[in-house]
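this is the structure alone, sequence omitted:
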């Protein structure tokens, strides 16, 4: 920098330059140290004093190397000697990072640049030292957090990405995303979605495509689970969450997302579900087995009596050795015993009804929502989507939650079974609560299956009637008993547009009526 | 008296807690001309039954209070020879096996065909008659044995051991002639048609 002043006396000018130089030194954030060809310090500015903890007067004439710890101290002496003797500019002009040493012996990271003062011989040097502790710490922290993030992603088996829409940047892939999506390091660059598209499982592709289109159409986020055919040949389940950032004009700047490999979790869920099913199955079988043994014994008695009376009558009549009264009495017994057998069956049917019930006041919507949680795994496993519409007035019912949830679960289970024969895209169940014209709470489970065969409709609720291979035919019969025991009705009707709709009602309890029962 | 009972008409004793089954069985068995007595419980039967009555027992295996198996046990303790036909439900096969091992003649599952039951009852009655006849004969042998004098009894014991008259005379320090007279008295009192018959009768009552 050359300051051009006109008509300034020589001495005044030197004096002014001196002041300006001093001002520059004082204002500098970096430490400035001036030293001669033997390394003796001639000047240390205020920033240097603060940085190193020395008073300028203390260090004048001392070797500049005192500002460095070993091994930098010896290296620095060598560099200076080399420069003087051989003209090798090892340090001059080159910024390098090293450790510096304060007066109290503590060390800190510093960036050092040294320049030769032009026109001096023997040469004199000026050194600039910048404390980079904060920057180094920040860098270190960043490195550590990045390493931790990578480890965390490995542990969670989750990768994240950024797709930029506001410029020609490549998508960011977190290191673990490579693993999750099976892209190898060193493979040519490919965008996250370009890589994903061919991997998405055909059965999930439409849903995946739809979620992407919704993002493009202005949705702010996406949350979807789907399957991919991983390049390593395995089928993986991933949970993909994405969020978009818009600029002030509403244009998409970038999309940030995570892709979480949940295969293990899904597998564990599947196993847990299968275990549950097995337990439930055995439970059903053993209950049915006990019931069947009980029925067999109870029905056997009247059947034995009926058969024996009838056979005795035949024999009496064939011998001619009988009285009419005798035969009439036997026939009366036969009739009574047949009714007795019927009574056993009726008792079986009301078996559920007679179980001790615990009725509690509860929200109908809550009842349905809780079941949804229970049914979701089963549904997802069978490619069925369940949606729910709850009554806005959130009506209350007096019910045994376990029993009513069994009814709803049973209906959902029937719907899921019924829809095995229809394409996955049609496998939808709608759950609904509403208040009907009478003020009762109406629950609905509607599906898009083949619907109820009109020929079977009449028998649908009869015990032991079933259209399912391996079914017991008790589900709907018991369900209807439960609903009736609650003072409601259970029926079915065709679903407009295909499928079946099963309804049941529970008497509504108004909030005041409920509270008056305390 | 005993003789009269053994030759009396056999009775079918039905024990079943189910009144309808009991009543129906009574009608069925009456229709084939059998004499029937029914009991609503095992205890009721035990209280009423005396061992010398011929016939058979049709017994429900599953009853409240004393079960059919327990009744069988009690009758065995009394050395009853009354044949037992068990009536079982279809889940009672293990119990029926137990009953058979304890000496029941048969079992039949409910509900049953009348002819099956009647056939089994007839077999049981035949068996009972044979048992009672055998029992009657043994009692006759015992009564005849009781008519022998001590000396005749000594001779009998040696005869059935296969000893010759000369040896018996030596053992008992009697003349051979006296032994021959005793032996003829024994044959006469025991109503034995031959030596072989005599030996068989003595073995029958286990007094050899």
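Sure, I can see it. These numbers were taken from a predicted model, which means no experiment stands behind them.

for chain A, what are the nearby residues on chain B?
Residues of chain B lying close to chain A by CB under 8 Å from any CB of the partner chain are B:18, B:20-21, B:23-25, B:27-28, B:30-32, B:62, B:87, B:89-91, B:110-114. Quick note: C-beta positions are derived from backbone N, CA and C, even for glycine.

could you redo the last one with a cut-off of 7 Å?
Proximity of chain B to chain A, by CB under 7 Å from any CB of the partner chain, involves residues B:18, B:20-21, B:23-25, B:27-28, B:31-32, B:89-91, B:110-111, B:114.

restricted to buried residues, select the residues you listed in ChimeraX.
This is the ChimeraX syntax for the buried subset of these, where burial follows 16 or more other CB atoms under 10 Å in any protein chain shown:
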select /B:18,20,21,23,24,25,27,28,31,32,89,110,111,114
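
could you list which of the residues of chain B next to chain A belong to strands?
Among the residues of chain B next to chain A, no member is found in strands (DSSP state E).

so what are the sheet partners of the host helix or strand of residue A:127 and their directions?
Assessed by DSSP states H and E, residue A:127 sits inside strand A:125-131. Strand pairing for strand A:125-131, determined by DSSP bridges: strand A:31-35 (antiparallel), strand A:107-116 (antiparallel).

neighbours of residue 168, how many?
If you meant another chain, say so; for now it's chain A. Taking other CB atoms under 10 Å in any protein chain shown as the criterion, the count of residues near residue A:168 is 5.

chain B is the one I meant
Neighbour count for residue B:168, taken as other CB under 10 Å: 22.

how about the contacts made by it?
Counting by CB atoms under 7 Å, 6 or more residues apart in numbering or on different chains, residue B:168 touches B:155, B:158, B:179.

let's see it at 8 Å
By CB atoms under 8 Å, 6 or more residues apart in numbering or on different chains, residue B:168 lies in contact with B:155, B:158-159, B:174, B:179.

report the two of those separated the most.
Spanning the widest gap among those are B:159 and B:174, at 13.3 Å by CB to CB.

out of these two, which sits in the busier spot?
residue B:159 (22 against 18).

from what I see, the more buried one and residue B:196 are in contact.
No: taking contacts as CB atoms under 8 Å, residue B:159 lies outside contact range of residue B:196: 11.5 Å.

residues of the longest strand along chain A that come out buried?
Counting residues, the longest strand in chain A under DSSP E turns out to be strand A:235-246. For strand A:235-246, burial by neighbour count (16+ other CB under 10 Å) applies to A:236-242, A:244.

which of those lies closest to chain B?
Chain B lies nearest to residue A:237 out of these, by CB to the nearest CB, at 47.5 Å.

so who does the closest one touch?
A:225-227, A:261-263, A:265-266.

which two of the residues you listed have the greatest separation?
A:226 and A:265 (14.4 Å).

which of those two has more neighbours?
More crowded of residue A:226 and residue A:265, by other CB under 10 Å: residue A:226, with 19 against 13.

residue A:371: neighbour count?
Neighbour count of residue A:371, defined by other CB under 10 Å: 24.

distance of it from chain B?
Distance from residue A:371 to chain B, counting by CB to the nearest CB, to the nearest Å: 37 Å.

give me the subset of the contacts of residue A:237 that lies in helices.
Among the contacts of residue A:237, DSSP state H puts A:263, A:265-266 in helices.

pLDDT and distance to chain B added to those, as CSV?
Output for those, formatted as CSV (pLDDT from 0 to 100; distance: CB to the nearest CB, whole Å):
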residue, pLDDT, distance to chain B
A:263, 91, 48
A:265, 86, 46
A:266, 86, 44
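
who does the longest helix seen in chain B touch, helix- and strand-wise?
Criterion DSSP H: the longest helix present in chain B is helix B:114-146. Here helix B:114-146 is seen to pack against helix A:263-319, helix B:2-6, helix B:19-31, strand B:55-60, strand B:84-88, strand B:106-109, helix B:195-204 when contacts are counted using 3 or more CB pairs under 8 Å, 6 or more residues apart in numbering or on different chains; DSSP states H and E.

so which of those is nearest residue B:100?
strand B:106-109 (6.7 Å).

the residue lying closest to residue A:482 once chain neighbours are set aside and chain B, how far apart?
Distances taken as CB to CB, 6 or more residues apart in numbering or on different chains place residue A:403 nearest to residue A:482, at 4.8 Å, with adjacent residues excluded. Using CB to the nearest CB, residue A:403 is found at 30 Å from chain B.

from residue A:155, how far off is residue A:403?
As judged by CB to CB, to the nearest Å, residue A:403 and residue A:155 stand 43 Å apart.

ditto for residue A:270
For residue A:270, the distance to residue A:155 - CB to CB - is 22 Å.

higher neighbour count, those two?
residue A:270 (14 against 9).

I figured that one hits residue A:378, correct?
No: with contact defined as CB under 8 Å, residue A:270 does not count as touching residue A:378 (10.6 Å).

okay, and for chain A, where does confidence drop off?
Applying pLDDT under 70 to chain A flags the ranges A:1-7, A:87-94, A:275-295, A:297, A:347-358, A:377, A:462-474, A:510-518.

chain neighbours aside, what residue packs nearest to the residue of chain B positioned farthest from its centre?
Computed with CA atoms, centre = their mean, the residue of chain B farthest from its C-alpha average is residue B:175, at 43.2 Å. With sequence-adjacent residues excluded and distances taken as CB to CB, 6+ apart, residue B:175 is closest to residue B:169, at 6.2 Å.

how about residue A:51?
Using CB to CB, 6+ apart, the closest residue to residue A:51 is residue A:31 (4.6 Å).
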